[in-house]
Structures are given as C-alpha cells and as structure tokens.
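Sequence first, then the predicted structure, then my questions.
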Amino acid sequence: MKLGLQLGYWSAQPPLGVPEMLVAAEESGFDSVFTAESWGSDAYTPLAWWGATTETLRLGTAVAQLSARPPTTLAMAALTLDHLSGGRHIIGLGVSGPQVVEGWYGQSFGKPLARTREYVRIVRDVLAREGAVVSDGPHYPLPRREGEGVTGLGKPLKPITHPLRADIPIWLGAEGPKNVAQTAEIADGWLAIFYTPRLAGMYDEWLDEGFARPGARRSRADFEISATVQCVITDDVAAAIDRYRPSTALYVGGMGAAEKNFHADLYRRMGYGQAVDDIGRLFRSGRKEEALAAVPDEMVRETMLVGTADEVREQIGLWEAAGVTTLMVTARDVQTVRALGELV
C-alpha cells in the first residue's frame, strides 16, 4: 500500500500550509502528491510550483479535465513537467460532467467514452514521438480539414521537445461500469472516488472485463488503483462525519443535475438510493441545511478512514485487501500526514 497526498482544487483562496505538508509527506514516505481542477484553479500550475520543492514524490493530476485542453496541449504540459521533475509525472485525466463541460468550457459532452479513448491515444502518440501526430477524429481531428474558418493549411506535426519518458503513466478517473472497464483496458491506473471496500467485488467485475479485452494495456498485476479518501484520526468520529457531511451533500445534490449526476449514480449503486433522492430534491430547492441533515452517517463514513490510530490502521488493511494500491488522502495538516506515514 502506497500513500498519496491529494491537495485537490482550490476553493475561494489557495490552501494554507502546503509546503509544510509536502515536507512531511516526503519525510513520512509518501509516494505521490496530486492536484485537481474544477472551474477555478487549474491542476498543472500548482503541481509544478509545489512540485519544484520536492525530490521524491511523484507528481500527478487527479484529475485534469479533458475539455480544459486539447490532447496535444495536455501532452505538452505533461512532457514539460516530466522533464522538470526528472520523470516523476503521472497524467490523471477525467471527463468531468456535462454541467462543467458545456457550462464552463462551452464544449459538447456527448460520447465521453469515445472521447476519452481518442484523447488518450493522441496523448500517447505525442509522447511516443514516432512520427507526426495525426487523428481521423471524430472528436479531435488532426490536422483539422473542415469546419467554419478552417483554412485547410494545417500540417501534421510531432513535438519539437523529445519527451523524457514515452510511457508517462496515464490514470483515468471513472465511476460507472463502462468507464471503469475502459480504464482497465487503455490506462495504467484507475483514480477512484467515493470508493468503498464493501463493493470491491463489483469493481473487480468491471475491471476484469477491461483486462480481458484484446489489446488491453495492463493486467491486474501491474495496474494501479488509487482511491481518494478523507482521513481523520480522532476519538470523535461523529464530529469527523459532520465535518465531511457537507461535501457528500454537495457532490450528491449540487454537482450535476437531476437528469445526470455521476456521483449520485455511484451512491445509488452503494444502496443509498432513497437518501440520494432526498438530498438532491432538498439541495436543488435551496434547502441546503435540510439536505445536510438527510445525509446518513454511514453514507459519509464508509468512504472515509476515520477513528483512532488503531481503527484507521485496521481500515487501511481492508482497503488494501480490496485491491487498492494507493490511498490518495485528503489530509489537511502536517500531524495527520505524519501519523499516516507511521500507520502505512
């Protein structure tokens, strides 16, 4: 079991104490650090800035949103950071949801699986640097030959800069069965959110379907499963649950729409269908305090590591037995980072 530090995306202001947490993470044997993006701070700038102060941590995005950058732009950022870090970069990608893709980036959300497959292939072609990068599309045609304003003068190109590694690992964020199966087929790792060891058997079925496909890139033996998890070492479990209850309500009720919310779908698979319906209805009607109250304790707790040090150590063992190779913890203080280093 490895440890990763998930710094996430910023809220109204940048987080405090990150340099100190990174020092503690390296000294405590953490394997990696990750940044994220939603519709505020981006993933790559903080990763490069903070990563410059590290020596051993792998530097990952969890996740960089597909619609934020064309695949060639993402590949440029990745090969650049990989050089600057001496080969420590992990490319973490995700499609986000239609509310962000169409509302923030002004792009179409349709066919997320096909877009992901094409995107990953182009990124790998750039990093391989075996020739000019071309793609028939339909989502990312290179060169672009038709469309309003297209001159027809586009030229197939390959990167000027030689990548340090042609095989920078690509991990994909995925929540549904088809997406997880495709992740096992085409990626080097899975970025799991709201993971619960209770459903490990279901996840294994999805993953095994992908591993069994012709041309699958990895097998279970060399595939990484990195699960984001909140971790609170405390004697007051109830207070810790209350601390993260608003986050659960937000993702279930406020992220996405009534018609399409991948996080809500995930919690439905966990068996919280009625709670999801109640939380969503209350949240969307502006009754946020009531939405928080509708979140069952166990709905928060089973995707967390929470309790005394001994209890958290026991929980970590369950996650490892379920197949998780990296715990991507959202610790927000040096004490928790160091304590986790002692437990793993």
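Thanks, I have the structure now.

per-domain residue ranges of the chain.
Per automatic domain parsing, the structural domains of the chain span 2-232+308-343, 235-303.

all strands for the stretch 51-200 of the chain, in order.
58-61, 64-65, 89-94, 170-173, 189-192 (DSSP state E, counting those that start in this stretch).

Which one of the domains of the chain has the poorest average confidence?
Among the domains of the chain, domain 235-303 carries the lowest mean pLDDT, a mean of 90.

measure it end to end?
Its start and end residues considered, domain 235-303 measures 18 Å (Cα to Cα, to the nearest Å).

Buried residues, stretch 122-131. List them.
Ile122, Val123, Arg124, Asp125, Val126, Leu127, Arg129 (16 or more other Cβ atoms under 10 Å). (C-beta placed from N, C-alpha, C; glycine too.)

Other residues contacting that stretch?
Stretch 122-131 is contacted from outside by 71-72, 74-76, 78-79, 91, 133, 135, 140, 142, 158-159, 162-163, 165-168, 170, using Cβ atoms under 8 Å, 6 or more residues apart in numbering.

Write the ChimeraX selection for whichever of these are buried.
Remark: buried members of the contacts of stretch 122-131, expressed as a ChimeraX selection using 16+ other Cβ under 10 Å:
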select :71,72,74,75,76,78,79,91,133,135,140,142,159,163,168,170
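
quick one: contacts for Asp31?
Lys2, Leu3, Gly4, Leu57, Arg58, Thr326.

hmm, which two among these are most spread apart?
Leu57 and Thr326 (12.1 Å; Cβ to Cβ).

The two: who's more crowded?
Thr326 (26 against 21; other Cβ atoms under 10 Å).

Now list whatever residues contact both of Leu57 and Thr326.
Contacts common to Leu57 and Thr326, judged by Cβ under 8 Å, 6+ apart, are Asp31, Ser32.

contacting residues around Val134?
Contacts of Val134 (Cβ under 8 Å, 6+ apart): Leu142, Pro143, Pro156.

again, but for Ala62
Gln6, Phe34, Thr35, Ala36, Gly92, Trp171, Gly173, Leu191, Ser226, Thr228, Met328.

hey, what's the closest residue to Leu81 other than its chain neighbours bridged with?
Of all residues not flanking Leu81 in the chain, His89 sits nearest, at 4.8 Å (Cβ to Cβ, 6 or more residues apart in numbering). Under DSSP bridges, the beta-bridge partners of His89 are Leu59.

what separates His89 from Asp31, distance-wise?
Noted for His89: a distance of 13 Å to Asp31, by Cβ to Cβ, to the nearest Å.

same check, this time on Glu320
Counting by Cβ to Cβ - Glu320 and Asp31 are separated by 14 Å.

try Ser67
Counting by Cβ to Cβ - Ser67 and Asp31 are separated by 29 Å.

Quick one: list the elements packing against the helix or strand Glu26 falls within.
Counting by DSSP states H and E, the element that carries Glu26 is helix 18-27. The contact analysis (3 or more Cβ pairs under 8 Å, 6 or more residues apart in numbering; DSSP states H and E) places helix 18-27 against strand 2-8, helix 44-51, helix 334-343.

Please list all residues in contact with Ala174.
Gly94, Val180, Gln182, Thr183, Trp190, Leu191, Ala192.

Let me see the residues that make contact with the helix or strand that the helix holding Glu26 is followed by.
Next helix or strand after helix 18-27 toward the C-terminus (DSSP H and E): strand 32-35. The contact list for strand 32-35, computed with Cβ under 8 Å, 6+ apart, reads 2-9, 22, 25, 43-44, 46-47, 50-51, 54, 57-62, 90, 92, 326, 328.

try it again with 6 Å
Gly4, Leu5, Gln6, Leu7, Ala43, Pro46, Leu47, Leu57, Arg58, Gly60, Ala62 (Cβ atoms under 6 Å, 6 or more residues apart in numbering).

And the helices in the stretch 201-344 of the chain, which stretches?
Taking DSSP state H, counting those that start in this stretch to define them, one finds helices in the stretch 201-344 of the chain at 237-249, 262-269, 273-284, 288-293, 297-301, 309-321, 334-343.

need these in CSV with mean neighbour count and distance to Ala200, can you?
Converted to CSV, the helices of the stretch 201-344 of the chain look like this (neighbours: other Cβ atoms under 10 Å; distance: least, Cβ to Cβ, whole Å):
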stretch, mean neighbour count, distance to Ala200
helix 237-249, 17, 20
helix 262-269, 19, 13
helix 273-284, 18, 20
helix 288-293, 16, 29
helix 297-301, 18, 17
helix 309-321, 16, 8
helix 334-343, 18, 21
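
Out of these, which gets nearest to Arg220?
helix 309-321 (14.2 Å).

now the angle from the closest one to helix 237-249?
40 degrees (axes from the mean of the first three to the mean of the last three Cα atoms, to 10 degrees).

Next, the angle from helix 309-321 to strand 2-8.
Going by the same axes, to 10 degrees, helix 309-321 makes 100 degrees with strand 2-8.

Residues contacting helix 309-321, please?
For helix 309-321, the surrounding residues in contact (Cβ under 6 Å, 6+ apart) are Met1, Pro197, Ile233, Leu305, Leu343.

again, only using 10 Å
Here helix 309-321 makes contact (Cβ atoms under 10 Å, 6 or more residues apart in numbering) with 1-3, 195-198, 200, 225, 227, 229, 231-235, 237, 301-302, 304-308, 324-327, 336, 339-340, 342-344.

what's the answer for stretch 270-287, then?
194, 196, 198-199, 202, 248-258, 261, 263-268, 288-296, 298-299, 302-303.
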